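J.: 3D model of this:
(one chain, ligands or ions: 2)
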Amino acid sequence: MVTRDAACSCGQLRVKVEGEPLRVSVCHCLACQRRTGSAFGFQARFPRDSVSIEGDSREYVRISDEGEPRTFNFCPECGGTVYYVLGSAPDVVAVAVGAFADPGFPEPGRSVWESRKHAWVTLPPAAEHGE
Ligand SMILES: [Zn+2]
Ligand SMILES: [Zn+2]
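T.: Ligands and ions are numbered 1, 2, ... in the order given. As a prediction, the model looks like this:
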């Protein structure tokens, strides 16, 4: 089974995942833009059972517009958010795809919050749109 390793900038907080992601998505919402410092969030969901976490993390809980808590886990040393958990899906872990530092990572199959999309961003032709 394929395994992949994600890490923060300093390498202190690490996540190992087994198997392919349940879902790979990009989110163009303004909160993801602020969280990542980039034009969109890019994340992959895995079943919690296939995720192992090493290192210390701190949590930041953001309440979504729909009232759902999202718990972001970031490295206390370098500040990088490596993974987060949605209140509505506690058995799933979303890992920030950039933390894999792998340009060969599977492309996003879904794109959400396109009303906030930067105009220059072009998505894979097969991506589905919306939640
Ligand atoms: Zn770090
Ligand atoms: Zn978002």
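
J.: Which of the helices or strands spans residue 34?
T.: Taking DSSP states H and E as the definition, residue 34 sits inside helix 30-36.

J.: Would you indicate which residues of that helix are buried?
T.: 32, 33, 35, 36 (16 or more other Cβ atoms under 10 Å). (C-beta placed from N, C-alpha, C; glycine too.)

J.: Could you do stretch 40-50 as well?
T.: 40, 41, 42, 43, 44, 45, 46, 50.

J.: just checking: which of the buried residues of helix 30-36 also lie near ligand 2?
T.: residue 32 (Cβ under 5 Å from the ion).

J.: Switch the buried residues of helix 30-36 over to JSON lines; also include pLDDT.
T.: Supplementary listing: the buried residues of helix 30-36 in JSON lines, determined by pLDDT from 0 to 100:
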{"residue": "32", "pLDDT": "95"}
{"residue": "33", "pLDDT": "96"}
{"residue": "35", "pLDDT": "94"}
{"residue": "36", "pLDDT": "95"}
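
J.: circling back: with pLDDT, distance to ligand 2 and secondary structure as extra columns, can I get the buried residues of stretch 40-50 in TSV?
T.: Below are the buried residues of stretch 40-50 laid out as TSV (pLDDT from 0 to 100; distance: Cβ to the ion, whole Å; DSSP: H, G, I helix; E, B strand; the rest coil):
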residue	pLDDT	distance to ligand 2	secondary structure
40	98	8	coil
41	97	5	strand
42	98	10	strand
43	98	9	strand
44	98	14	strand
45	98	13	strand
46	98	18	strand
50	98	23	helix
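
J.: got CSV for the buried residues of helix 30-36, with distance to residue 117 too?
T.: CSV is the format used below for the buried residues of helix 30-36 (distance: Cβ to Cβ, whole Å):
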residue, distance to residue 117
32, 11
33, 10
35, 16
36, 14
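
J.: tell me which of the buried residues of helix 30-36 is nearest to residue 6?
T.: For the buried residues of helix 30-36, the residue nearest residue 6 by Cβ to Cβ is residue 36; the value is 14.0 Å.
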